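Student: Give the three-dimensional model of this entry:
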Amino acid sequence: MNIAQIKQIDLVDFLRAIGLSPTKESAKSAWYHAPYREDRTPSFKVNKDKNMWYDFGTAQSGDIIDLAALLYQSKDVSRLLKLIEGAAPALAPRIRTPISPNGERLTDQFRNVKVMDLNHEALKSYFQSRGIDLGIGKCECKEVHYTCNKKEYFAVAFPNNGGGYEIRNPYFKGCIAPKDISIIRKSERLRGHGCCLFEGFMDYLSYLTLVKQGRITEGGESMDYIVLNSVNNISRAIEPIKKYEVIHCYLDNDDAGRRAVDALKELFGNRVCDMFAIHSIYKDMNDFLRDKKKFP
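Tutor: Predicted structure coming up:
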């Protein structure tokens with residue numbers, strides 16, 4: 001099984017397969033003694049809807065791969081996939097209903113989805129308010145119209161590799177399932193040895209705008225681009241990142257972004273360059289584009 005398939009394995013089923021039973025269980029959650037440390041009072045919770053876990057004793061959280069990293073004391077993703085599959089060979093990935101950040105099932109949330117070229121004046125104004133070059137925005141994104149709770153909405157839509165869309169407007173940030181990373185490859189003639197890694201597509205569009213403005217100098221035309229569409233998707237990017245000799249990271253200047261960069265450095269060593277660390281007074285690429293400093 002690949003990373004995406006492994007992450008679809010039900011956590012409760014996996015824990016049961018390796019001999020662990022919950023001390024308390026409901027329709028939405030299950031509680032355990034933390035399986036990788038001494039835990040007298042059950043403080044390890046599995047959220048069944050999101051298929052994620054949280055350790056209240058250590059404030060750690062994650063998916064099945066993050067759990068396996070603690071169980072098997074390894075950060076080798078390929079090895080962890082084999083260990084998970086070997087520990088629970090009879091478990092099959094479940095087809096899960098994707099969950100939005102506010103807990104809503106995404107397939108229940110969006111109806112009558114229509115994707116088209118980006119032309120709505122309100123969305124053009126949204127790009128301008130974020131400092132994004134309009135030509136770049138129209139080239140890289142689409143316009144989506146949809147119904148939610150019987151009301152009609154529209155937003156900027158950025159496609160991901162799974163066939164879903166990250167959607168944004170001034171009032172909403174979400175995803176039309178499935179959730180996935182986005183990989184933008186150059187033509188075969190231009191494809192090179194490096195990639196640029198971004199946390200969200202606004203960071204990616206900001207980078208392209210900065211390059212166009214001459215404020216960032218890209219190393220020739222040899223870089224591919226990978227957009228995580230959430231720092232939590234970092235494990236999905238491991239396989240495509242492996243082939244690159246140079247990995248330029250433009251992740252957010254926050255704890256999650258720094259942890260992601262550190263994890264990549266442990267995996268790929270000096271192939272990873274933290275390109276945004278020198279701009280520590282800015283939270284992300286879009287703030288850098290707009291000169292919006294974290295501190296006055």
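Student: quick one: low-confidence parts of the protein?
Tutor: Applying pLDDT under 70 to the chain picks out residues 1, 88-109, 187-192, 219-221, 295-296.
Student: domain parsing for it?
Tutor: According to automatic domain parsing, the chain comprises the domains 3-87, 106-176, 182-289.
Student: Quick one: those domains as a markdown table, columns for mean neighbour count too.
Tutor: For the C-beta atoms, the positions are set from N, CA and C on the backbone; glycine is no exception. Formatted as a markdown table, those follow (neighbours: other C-beta atoms under 10 Å):
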| stretch | mean neighbour count |
| --- | --- |
| domain 3-87 | 16 |
| domain 106-176 | 17 |
| domain 182-289 | 18 |
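Student: Quick check: next helix or strand after the longest strand that the chain contains?
Tutor: With secondary structure taken from DSSP state E, the chain has its longest strand at strand 151-159. Counting by DSSP states H and E, the next helix or strand C-terminal to strand 151-159 is strand 165-169.
Student: Helix or strand: which one has T147?
Tutor: Assigned by DSSP H and E, T147 falls in strand 142-148.
Student: how about that strand as CSV, C-alpha atoms only?
Tutor: C-alpha atoms of strand 142-148 as CSV (Å, rounded to 0.1, in the frame of the first residue of the first chain):
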residue,chain,number,x,y,z
LYS,A,142,-10.2,28.5,-11.6
GLU,A,143,-13.5,30.0,-10.5
VAL,A,144,-15.9,27.6,-8.8
HIS,A,145,-19.6,28.1,-8.0
TYR,A,146,-21.3,25.7,-5.6
THR,A,147,-24.3,25.3,-3.2
CYS,A,148,-23.8,24.9,0.5
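Student: Parallel or antiparallel, which strands does that strand pair with?
Tutor: Sheet partners assigned to strand 142-148 using DSSP bridges are listed as strand 111-116 (antiparallel), strand 151-159 (antiparallel).
Student: what is the orientation angle of the longest strand of the chain with strand 165-169?
Tutor: Angle between the axes of strand 151-159 and strand 165-169 is 120 degrees (criterion: axes from the mean of the first three to the mean of the last three C-alpha atoms, to 10 degrees).
Student: which outside residues touch strand 151-159?
Tutor: 115, 118, 120, 122-123, 126-127, 137, 140-147, 165-169, 172, 176, 182, 201, 227, 229 (C-beta atoms under 8 Å, 6 or more residues apart in numbering).
Student: what's the closest non-adjacent residue to A4?
Tutor: Leaving aside its chain neighbours, A4 sits nearest to R236 (6.7 Å; criterion: C-beta to C-beta, 6 or more residues apart in numbering).
Student: how much space between that neighbour and L228?
Tutor: R236 sits 8 Å away from L228, taking C-beta to C-beta, to the nearest Å as the criterion.
Student: how distant is the helix or strand hosting G174 from the center of its chain?
Tutor: Assigned by DSSP H and E, G174 belongs to strand 172-176. Distance of strand 172-176 from the chain centroid (C-alpha atoms, centre = their mean, to the nearest Å) equals 13 Å.
Student: residues in contact with the closest residue to G57 other than its chain neighbours?
Tutor: Excluding the flanking residues, the one nearest G57 by C-beta to C-beta, 6+ apart is S43, at 4.2 Å. When contacts are counted by C-beta under 8 Å, 6+ apart, S43 touches W31, H33, A34, D55, F56, G57.
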